[in-house]
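**Q** All I have is the shape, not the residue letters:
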C-alpha cells in the first residue's frame, strides 16, 4: 500500500482500486487472534490464579508475541515503503487509527512477553535463567514480573481489547468504503478475535476441563458474533443508499456466496452446533471444530477486506 | 413456453450458489447416516458381507430417477434444461474400471472421503490428498502422453440416455430398472447374510435382515408407484431432436385454402402482439407460442394431415421433437408478412414474359378472393366469404384448443 | 458416548435420492465431489502456467472464461458436504480422529494404500469426467448411458481387485 498519494487518482478514495491484498486480511486475522490470546490469557490468570494449568496452557502466552510478529511481518510487507515504517513512532495522531495501532502494537510486546514469562513453567524458567545469567537485569525483571501477575494480566486484557477493537476500527474509520463504515466493526472484530483466540488455544494439548471451558466460552462468543453480524447488516440496511449498496456486495452481490458459505455456515454455525453437540455429549472438544472457527475468522476478514474494497460510493450506486 | 417450473430459474448466480450449501449439507448428512464415512463399511461391499453401498446407491438412483422423469412427464420439470453427463464410452469404461481399483484400495470414493474426513478419519484426509495428486497427474498425462487425449475423448456419443439407445419408452425402461433393482435388493440381503456368517463380521451391518417385512413393503410400494406412473404418464418428450421443416409458398397455400383441402390444418404461431391489429390466414387457429398446445393439436389429427404453421416472418423452420411424426409439416415461407404481400395484395407490375404475366394474374385472382375486392375479373374463382371454415378446423372434432 | 446405529440403508438411500432430486430441480444439475480438487488445481495451475492451463483438455475449461474457477455450485456444495458430514458424525457420536482399517494391517500400510487409492481415483475420475457422485449417482438417475457404463465398471474394478487387497480389510 502506498502511504501517500499526490496524484489525482487516489487509491484511498477511488473505489475501483483494490490496494489491499492478502497481507492485510492475514494481519487483521493474526492481530485479532493475538488480541483474543491476550484477553483470554489475562482473564484466566485473574479468574483461576491458583488452579493448576496444563503445560500447554502455561506456555500459551508465548504465542501472542510470536504471532503478532508474524502479523506485523505481513503488515510490513504490505507497505509500499517498508523502510519508512519507523516514522510511525515519531508522531502520534489522535484521529488516526493507524497511529493508534502502531502504538498499541508497540505496547503489546513488553506486556505479553512479561506475562508469558510469569506464566512459564518453573523448570523451563530455571533453565533459561541459568542461560541468561550473564545478561544484566534479567533476574530483577523475573522477580518484578512474578510479583505483578495481576497487573500484567490486567494490562494484557486492556491492550488485547484495544488491539482487537483497533483491527475493526482500522476498517470502520474508512468512510470511503460503505461496507466498512460502521461502528459495530470494532466490537465485531474483537469478539471474532476472542473466538479465534479460544479456538487457537483448543488446538493444543490442553486438559479436558480446560478445553471444555474454552469451548463453552467459544460458544458464547460465536453467538455474540452472530448477533453483532446481524446488527452490522441491519445498520447498513437502514443506512443511506451507499451503505445499502455496500451491503449488497454480500447480499446478492459478488461476495454473497463466499460470505454466507465460508463465514456464516462453515465458520460460525457449524462450529457452534459442533461445540453444542460436544458439550451435550460431554466429549472432548475436537480440533476440527476449532479449526473451523479459525477458518471462519480468517474468511470473515478476508471477505470483508475484499468486499469492502469492492464497495464504493460511486460504483455500487451505479450498479443498483 | 411450457408449464415446467423446474429447474428453478434463479436470477442471481450468487443465490443459486447459496442453494449448494444446503443441498450439500443434506448430501453429506445422508452419506454419513448411511455409514459412508467409514472406509471399512464401504470396502465391505466388495467382500460381500455388507452390501450397504449397493443398497443406498441404487435406492437413491431409483428415487431420483422416478422423481425426475415423473415430474418431466407431468410437464413440471424440463429435463432439457438440466445437465446430463455426456457419454464418452471409452473414457468412462476404462476410467470406471480404474476407479473401482482405486476405490477398493482406499476404501473411499471422493465424495465419501470428504464425509469421512469430516468425521475425523485420517485415512480419508490422505485419500483426498491422493485425489488432488491424481487429478494433477491426469492433467499432465493428458497433455504429454500421446494417445491419452484420444482416450479421454474416446467413444463420444454426446448426451445419450439408455432408453434412447435401446429404443424403449422411458417409463417402460424405468419399470424394468425398478424390477431388477428390487430383485437385486432381495438378492443382496441373501448374499450379505451368507457372507456375514462366513466372515463373522456383523458389527458393520445394521440389522436390516430382521426387518425384511418392512423392506418388502417398501419395494412393493415403489413398484406399485412406478407401475401407476408408467401407465398414466405419457413419455417425456425431452430427448427427441427437432426436425427441419419444408416450406410452402403463400400462393400455394392460398390455392389449397381455396380448393378446400380437407387435410389442411393451419396453425398461427405469431405472438399475441403480432396477431393484434391484423388479419390471420383464414381457417388458421391461434396457438400463441405454446408449443405443447400445438403438439396436442398435431397429435389429435389423423395421419396424412398437412399441418402448415406460420409466424410473423417465417423464422420458425423446425418441427419440435415432441410433435408426432405421422403428420406432414410445412411452414409458410416468409411468414405472415409474405402472406400479406403475396396473397393479400394485388400484383402491381405488369409482367414482361408470359410466365410472369401468368403469375401476376394468379396473384391478382387470389388476392381478390382473400381481400374480397370486387375486382372481379376472375372467372375461375367464385367469391365466397373470407372466413370460411376451411383447413379442417371445423371438420375435425377435437381441434386441440383452437 | 455410544455411537448411534447407522440408518437403514434404504432410508438413507431414499434421503440421498430426494437430495439428488432436489438438486436437479433447484440447480438443474447433479451432485459431485471431484469438482473441488479439479477446480482448485485449475486455479493453482493457472497462477503458475496460464497458457498451459487454458489449453489443457482436462482443466482448461474451468479457467477459459476468466472467472474464478472456485465460484462454482459444486465447489460450494462440497463445503456443504463437509458441514453435513461433520455435524452428522458429531450428532451420532461417530466423530473420532483415527485411521479406519482392518485388523491385519499396520496404520502405515493403510495410509499408503489410502494415498495410492486416492491417486488412482483422481486419475480415473479426471479421465471419466466424474466420480461415483457426479457420474454414477447423478448421471445414473438421468439414465445417461456413459454413467451407467461407468457405474458397472466401478463395481467390476472393485471386485476384480478386492482379492488383492483383502489383507487391508478382513
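**A** Structure's in. What do you need? Quick caveat: nothing in here was measured; it's all calculated off a predicted structure.

**Q** Chain B contacts on the stretch 151-300 of chain A?
**A** Residues of the stretch 151-300 of chain A lying close to chain B by Cβ under 8 Å from any Cβ of the partner chain are A:252, A:253, A:254, A:256, A:257, A:260, A:261, A:265, A:286, A:288. No exception for glycine: its C-beta is placed from N, CA and C like everyone else's.

**Q** The last one and residue A:266, how far apart?
**A** Pointing back at residue A:288 there. According to Cβ to Cβ, to the nearest Å, residue A:288 and residue A:266 sit 12 Å apart.

**Q** circling back to that earlier point, are any of the residues of the stretch 151-300 of chain A next to chain B buried, and which?
**A** Buried positions within these, assessed by neighbour count (16 or more other Cβ atoms under 10 Å in any protein chain shown), are A:253, A:254, A:256, A:257, A:260, A:261, A:265, A:286, A:288.

**Q** now those residues as CSV including pLDDT and secondary structure?
**A** Listed next are these as CSV, based on pLDDT from 0 to 100; DSSP: H, G, I helix; E, B strand; the rest coil:
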residue, pLDDT, secondary structure
A:253, 80, coil
A:254, 83, coil
A:256, 88, helix
A:257, 88, helix
A:260, 93, helix
A:261, 92, helix
A:265, 94, helix
A:286, 79, coil
A:288, 90, helix
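
**Q** Can you name the two of these that sit furthest apart?
**A** Largest separation among those by Cβ to Cβ: A:253 and A:286, giving 34.6 Å.

**Q** Secondary structure element holding residue A:217?
**A** In this structure, residue A:217 sits in helix A:208-237 according to DSSP states H and E.

**Q** Next up, identify which helix or strand residue C:47 is on.
**A** helix C:35-48.

**Q** other SSEs contacting that helix?
**A** helix B:122-144, helix C:50-55, helix C:60-63, helix C:73-91 (3 or more Cβ pairs under 8 Å, 6 or more residues apart in numbering or on different chains; DSSP states H and E).

**Q** Pull out the buried residues from it.
**A** By 16+ other Cβ under 10 Å, the buried positions in helix C:35-48 come out as C:35, C:36, C:37, C:38, C:39, C:40, C:41, C:42, C:43, C:45, C:46.

**Q** how near is the first one to residue B:138?
**A** Same thing as residue C:35. From residue C:35 to residue B:138 the distance is 14 Å (Cβ to Cβ).

**Q** Which residue ranges make up each domain of chain C?
**A** Using automatic domain parsing, the domain parsing of chain C gives C:1-97, C:102-170.

**Q** Adding mean pLDDT as columns, could you present those in CSV?
**A** Shown next, in CSV, are these (pLDDT from 0 to 100):
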stretch, mean pLDDT
domain C:1-97, 90
domain C:102-170, 93
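
**Q** tell me the most buried of these?
**A** Mean neighbour counts were compared across the domains of chain C using mean count of other Cβ atoms under 10 Å in any protein chain shown; the top stretch is domain C:102-170, at a mean of 23.

**Q** what about it, how long is it end to end?
**A** 6 Å (Cα to Cα, to the nearest Å).

**Q** Distance from the chain centre to that domain, please.
**A** Taking the mean of its C-alpha atoms, domain C:102-170 sits 10 Å from the chain's own mean (Cα atoms, centre = their mean, to the nearest Å).

**Q** tell me the centre residue of chain C?
**A** The centre of chain C sits closest to residue C:33, judged by Cα atoms, centre = their mean, with a distance of 4.0 Å.

**Q** give me every residue that touches that residue.
**A** Shown in contact with residue C:33 (Cβ atoms under 8 Å, 6 or more residues apart in numbering or on different chains): B:109, B:110, B:111, B:113, B:114, C:74, C:78, C:81, C:131, C:132, C:133, C:134.

**Q** circling back: let me have the helices and strands packed on helix C:35-48 in TSV, adding distance to residue B:77 as columns.
**A** Shown next, in TSV, are these (distance: least, Cβ to Cβ, whole Å):
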stretch	distance to residue B:77
helix B:122-144	32
helix C:50-55	35
helix C:60-63	27
helix C:73-91	18
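
**Q** Which of the contacts of residue C:33 fall in helices?
**A** B:110, B:111, B:113, B:114, C:74, C:78, C:81 (DSSP state H).

**Q** mind listing the strands for the stretch 151-300 of chain A?
**A** Assigned by DSSP state E, counting those that start in this stretch, the stretch 151-300 of chain A shows no strands.

**Q** can you give me the helices in it?
**A** Using DSSP state H, counting those that start in this stretch, the helices of the stretch 151-300 of chain A run over residues A:185-202, A:208-237, A:241-248, A:256-258, A:270-281, A:287-310.

**Q** Which residues belonging to the fifth one are considered buried?
**A** Yep, that's helix A:270-281 we're talking about. For helix A:270-281, the neighbour count (16+ other Cβ under 10 Å) marks A:270, A:271, A:272, A:273, A:274, A:275, A:276, A:277, A:278 as buried.

**Q** Which strands or helices does that helix pack on?
**A** Going by 3+ Cβ pairs under 8 Å, 6+ apart, helix A:270-281 lies up against helix A:208-237, helix A:287-310, helix C:73-91.

**Q** Could you dump those into a markdown table and include distance to residue C:105?
**A** Below are these laid out as a markdown table (distance: least, Cβ to Cβ, whole Å):
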| stretch | distance to residue C:105 |
| --- | --- |
| helix A:208-237 | 31 |
| helix A:287-310 | 25 |
| helix C:73-91 | 23 |
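
**Q** quick one: which of the ones you listed is nearest residue B:86?
**A** Nearest of the helices and strands packed on helix A:270-281 (Cβ to Cβ): helix C:73-91, 16.2 Å.

**Q** Up against chain A, what does the stretch 101-250 of chain B have?
**A** Within the stretch 101-250 of chain B, the residues that sit near chain A (Cβ under 8 Å from any Cβ) are B:118, B:120.

**Q** Please enumerate the strands of the stretch 101-250 of chain B.
**A** Ranges of strands within the stretch 101-250 of chain B are B:156-158, B:243-244, B:246-248, based on DSSP E, counting those that start in this stretch.

**Q** Could you say which of those is packed most deeply?
**A** Highest mean neighbour count among those (mean count of other Cβ under 10 Å): strand B:246-248, with a mean of 15.

**Q** could you give the angle of the helix or strand residue A:68 falls within to helix A:185-202?
**A** In this assignment (DSSP H and E), residue A:68 forms part of helix A:63-78. Going by axes from the mean of the first three to the mean of the last three Cα atoms, to 10 degrees, helix A:63-78 is angled at 130 degrees with respect to helix A:185-202.

**Q** Which other helices and strands does helix A:63-78 contact?
**A** Secondary structure elements in contact with helix A:63-78, counted by 3+ Cβ pairs under 8 Å, 6+ apart, are helix A:23-47, helix A:97-119.

**Q** Could you dump those into CSV with mean neighbour count, mean pLDDT and distance to chain B added?
**A** Listed next are the helices and strands packed on helix A:63-78 as CSV, based on neighbours: other Cβ atoms under 10 Å in any protein chain shown; pLDDT from 0 to 100; distance: least, Cβ to the nearest Cβ, whole Å:
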stretch, mean neighbour count, mean pLDDT, distance to chain B
helix A:23-47, 25, 92, 21
helix A:97-119, 19, 86, 31
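
**Q** Please tabulate those helices in TSV, including the columns distance to residue A:293.
**A** Shown next, in TSV, are these (distance: least, Cβ to Cβ, whole Å):
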stretch	distance to residue A:293
helix A:23-47	10
helix A:97-119	22
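
**Q** okay if I get the ones you listed as JSON lines plus distance to chain C?
**A** Shown next, in JSON lines, are these (distance: least, Cβ to the nearest Cβ, whole Å):
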{"stretch": "helix A:23-47", "distance to chain C": "17"}
{"stretch": "helix A:97-119", "distance to chain C": "28"}
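
**Q** and residue B:62, which of the ones you listed is closest to it?
**A** With Cβ to Cβ as the measure, helix A:23-47 is the member of those nearest residue B:62 (46.8 Å).

**Q** Residue B:363 is in contact with residue B:255, correct?
**A** No - counting by Cβ atoms under 8 Å, residue B:363 is not a contact partner of residue B:255; they are 10.9 Å apart.
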